[in-house]
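Asks: Quick one, what's the 3D model for this:
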Amino acid sequence: MSIIFSPPLDSNKLRMAYNNDIFRFYSDSNLQPKYCDISSVGMQIRLYPNPEGKFMFNFKSYIAARINANDFEDTIDPDLQTDNIYSFYYNFTSGNFIQLSFSFTITFESSVQGEPETTESEAAILSWIGGVEQLGEYGYYDNTGLLVLSPHTKDNTAKSYVKYWQGYPFDIAFYRYPAAIIVKNLSNLISQTFYSISGYIRRLYFSDGRTDESIENIIPLNEGFNELKITRNVNSPAEKDIQYLTVEKIPYKCGIYLKWLNHLGGYNYWLFENTYSIDRSTKYLGELDNDYYNIEDTTSPVKQIGKESQDTIKVLAELLTEEERQVLKGILDSPKIYMFTGQPFAQNGIKNWVEVRLTNSSVRIKNPRERLTNFSFDLELPKRYTQTL
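Replies: Sure thing, here's the model as predicted:
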């Protein structure tokens, strides 16, 4: 007897926590299945078969609830030190990755009254990252390999593109099956090995804003395009162990700097260069009756309660290439967007970001008659503190 999964159970697949993850299975036994228990640490689920004796279960709601331990918040507060390369390399596993061992146990109806029920079991270790993919844009990722957690270039899950503005905080996240990581700049052939330490999701910080304490003291970057090859340090690395990241280094510019959680669970960054406007809206909260005095003793028959006040920022990104568009469009679906409030060229941490909300109800993300794309976004800042009764 054995449990048959259709399609076959794949323990090497790196799964997306926010997509359907449906398992269909049955037993090849001639006995009649009574129920199936799916068990793991903190999970105990009982399924009952359909009339054909088959089972179906979707892990999505259970895993999405368990993996999101931080409510999508960025909890990393980097402290970069050139004389300690591991101060650039942070564990980002909590809230972004989960691996669980499951047991699928089918219990059968007893064929003879009074005899004990029989069972059969199948065990599996399954892995998820806090990501989501779309129809027509999904890929297969091996959980024993390496994956940069940033939008990939079209039709190639081994290549990604990002922009890095000098003077601002910046990092790149990746999933890696435990092993040392070699980061090599193919533009100048300089590399650095980050030896294996805990965690499946790691973030490699390029800068916290400072230029005297940055990744460039370890792996120099040219102004313009840099091709980084990231490899798991194993014997004879396979295709699944190698990722390519194009980093376009941009000189310092002023503007509105944002970061957001992308669809794979890493952070992307963008500077909207001096193409923004700020609007402030206010609203009276009402008034209280104060008409309790003679006219000669009255300055106002009412008391103002105060005002609500809120700022909205409109930003514009113009003439985007396909690679830039692929990165920036991710902000539209992001559950967490932050705006930088710190000082460029200074050390910055998590207190130098404020969460904002994208208020656009629709944005044109592609115009087939134009090779380059423009994006316009409206960002609502937190309500301002005001003096009220």
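Asks: in its sheet, what does the helix or strand residue 172 falls within sit against?
Replies: Element membership for residue 172 (DSSP states H and E) is strand 169-176. With DSSP bridges as the test, strand 169-176 is paired with strand 146-148 (antiparallel), strand 201-208 (antiparallel).
Asks: Using PDB, write out every CA atom in that strand.
Replies: In PDB, the C-alpha atoms belonging to strand 169-176 read as follows (Å, rounded to 0.1, in the frame of the first residue of the first chain):
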ATOM      1  CA  PRO A 169      20.400  52.800   2.200                       C
ATOM      2  CA  PHE A 170      20.200  49.800  -0.100                       C
ATOM      3  CA  ASP A 171      20.200  46.000   0.100                       C
ATOM      4  CA  ILE A 172      19.400  42.900  -1.900                       C
ATOM      5  CA  ALA A 173      17.700  39.800  -0.400                       C
ATOM      6  CA  PHE A 174      18.100  36.200  -1.500                       C
ATOM      7  CA  TYR A 175      17.100  32.700  -0.500                       C
ATOM      8  CA  ARG A 176      19.900  30.300  -0.300                       C
END
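Asks: On the three-state scheme, the residue lying farthest from the centre of the chain is what?
Replies: What lies farthest from the middle of the chain is residue 296; by CA atoms, centre = their mean that is 64.7 Å. Taking DSSP: H, G, I helix; E, B strand; the rest coil as the rule, one finds residue 296 in the helix state.
Asks: which residue ranges form the helices in the stretch 251-389 of the chain?
Replies: Ranges of helices within the stretch 251-389 of the chain are 322-328, based on DSSP state H, counting those that start in this stretch.
Asks: Spatially central residue in this structure, please.
Replies: Note: the chain centre (CA atoms, centre = their mean) maps to residue 265, 1.9 Å.
Asks: and residue 61, helix, strand or coil?
Replies: Quick answer, by three-state DSSP: residue 61 is helix.
Asks: ditto for the one 5 residues further on
Replies: The local conformation at residue 66, judged by three-state DSSP, is helix.
Asks: domain parsing for this protein?
Replies: 3-67+97-129, 86-91+135-278+308-380 (automatic domain parsing).
Asks: what's the first-to-last distance across the longest one?
Replies: Distance across domain 86-91+135-278+308-380, first residue to last, is 36 Å (CA to CA, to the nearest Å).
Asks: what does the first one give?
Replies: Across domain 3-67+97-129, the straight-line distance between its terminal residues is 26 Å, by CA to CA.
Asks: from memory residue 284 sits against residue 304, does it?
Replies: Yes - judged on CB atoms under 8 Å, residue 284 makes contact with residue 304 at a distance of 7.3 Å. The C-beta positions use only the backbone N, C-alpha and C, and glycine is treated the same way.
Asks: The residue nearest to the centre of the chain reaches residue 93, doesn't it?
Replies: No - with contact defined as CB under 8 Å, residue 265 does not count as touching residue 93 (10.4 Å).
Asks: Overlap in contacts, these two.
Replies: Jointly contacting residue 265 and residue 93 under the rule CB atoms under 8 Å, 6 or more residues apart in numbering are residue 201.
Asks: Low-confidence ranges, the protein, go.
Replies: 114 (pLDDT under 70).
Asks: got the contact list for residue 326?
Replies: 151-154, 161.
Asks: let's see it at 10 Å
Replies: 150-154, 160-161, 320, 365 (CB atoms under 10 Å, 6 or more residues apart in numbering).
Asks: Over to residue 11?
Replies: 102, 123-127, 143-144.
Asks: ditto for residue 29
Replies: 1-3, 53, 106, 108, 118, 120.
Asks: could these go into CSV alongside distance to residue 68 and secondary structure?
Replies: Formatted as CSV, those follow (distance: CB to CB, whole Å; DSSP: H, G, I helix; E, B strand; the rest coil):
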residue, distance to residue 68, secondary structure
1, 38, coil
2, 35, coil
3, 30, strand
53, 35, coil
106, 31, strand
108, 37, strand
118, 39, coil
120, 34, strand
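Asks: Any chance of those in JSON lines with distance to residue 357 and neighbour count as columns?
Replies: Formatted as JSON lines, the contacts of residue 29 follow (distance: CB to CB, whole Å; neighbours: other CB atoms under 10 Å):
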{"residue": "1", "distance to residue 357": "54", "neighbour count": "12"}
{"residue": "2", "distance to residue 357": "51", "neighbour count": "10"}
{"residue": "3", "distance to residue 357": "46", "neighbour count": "19"}
{"residue": "53", "distance to residue 357": "49", "neighbour count": "15"}
{"residue": "106", "distance to residue 357": "47", "neighbour count": "25"}
{"residue": "108", "distance to residue 357": "53", "neighbour count": "19"}
{"residue": "118", "distance to residue 357": "56", "neighbour count": "15"}
{"residue": "120", "distance to residue 357": "51", "neighbour count": "18"}
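Asks: of those, closest to residue 325?
Replies: residue 3 (45.1 Å; CB to CB).
Asks: Tell me what the closest one is bridged to.
Replies: residue 27.
Asks: So it sits against residue 104, correct?
Replies: Yes - using CB atoms under 10 Å, residue 3 makes contact with residue 104 at a distance of 6.0 Å.
Asks: Between its first and last residues, how far does stretch 179-193 reach?
Replies: Stretch 179-193 stretches 11 Å from its first residue to its last (CA to CA).
Asks: Now do the buried residues in that stretch.
Replies: Residues of stretch 179-193 classed as buried by neighbour count (16 or more other CB atoms under 10 Å): 179, 181-185, 187, 192.
Asks: re earlier: with respect to residue 44, which of the strands paired with strand 169-176 lies nearest?
Replies: The nearest among those, by CB to CB, is strand 201-208 at 27.3 Å.
Asks: Just checking: what are the partner strands of the helix or strand following that closest one?
Replies: Using DSSP H and E, the helix or strand that follows strand 201-208 in sequence is strand 224-232. Strand 224-232 pairs in its sheet with strand 181-185 (antiparallel), strand 242-250 (antiparallel), by DSSP bridges.
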